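Asker: fold the following and give me the result.
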Amino acid sequence: MRLLLDTNIFLDLPQRRTGVEASQAVINLLGRVHEGFVAWHTLSNVYYIATRLSNALKARDLVRDILTWCEVASVTHEDALKAEAMSMNDFEDALQIAAALSAKADWIITRNLDDYTSSAVPAISPENFLLLHHPSPLL
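Answerer: Down below sits the predicted model:
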């Protein structure tokens, strides 16, 4: 399957938020079982937020790691126009959807499910993705 990971999934790692284990389990499947994609702007968002949480060196390491787990979804000017035309409250979420469409993603993995109720690409939490597609322990 082709999965686009939302920014919040990557931020589970440095923040050690509730659910970090499920996010890490999904990331561990990328490249082995599923293809992983990330929106271009996610890299700058992760870098900015991770720098504020720790430091620029650790933030750069996280971005480097993301680029080993995921490919950057190829998007164009037309994709940005499609995102802008979506009737969504959060333009960043529209950009995520445009990137998912461009990558032909089967799922958007996110913690903000309410933001994707009208998405053309279905959104699912890491926990529910694992329950649905990997109900057996992954170890």
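Asker: next SSE downstream of the least confident helix or strand in the chain by mean pLDDT?
Answerer: Lowest by mean pLDDT, DSSP states H and E among the helices and strands of the chain is helix 7-15, with a mean of 81. Where DSSP states H and E defines the elements, the next helix or strand beyond helix 7-15 is helix 20-29.
Asker: just checking, what packs against that next one?
Answerer: Under the contact definition 3 or more C-beta pairs under 8 Å, 6 or more residues apart in numbering; DSSP states H and E, helix 20-29 sits against strand 2-5, helix 7-15, helix 126-133. The C-beta positions use only the backbone N, C-alpha and C, and glycine is treated the same way.
Asker: can you say which of these is packed in most?
Answerer: strand 2-5 (a mean of 25; mean count of other C-beta atoms under 10 Å).
Asker: can I get the CA coordinates of that one in PDB?
Answerer: Extracted C-alpha coordinates of strand 2-5, given in PDB (Å, rounded to 0.1, in the frame of the first residue of the first chain):
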ATOM      1  CA  ARG A   2       1.000   3.600  -0.500                       C
ATOM      2  CA  LEU A   3       0.800   5.700   2.600                       C
ATOM      3  CA  LEU A   4       1.200   9.500   3.000                       C
ATOM      4  CA  LEU A   5       2.200  10.300   6.600                       C
END
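Asker: so who does residue 105 touch?
Answerer: Contacts for residue 105 (C-beta atoms under 8 Å, 6 or more residues apart in numbering) come out as 2-4, 37, 73, 121.
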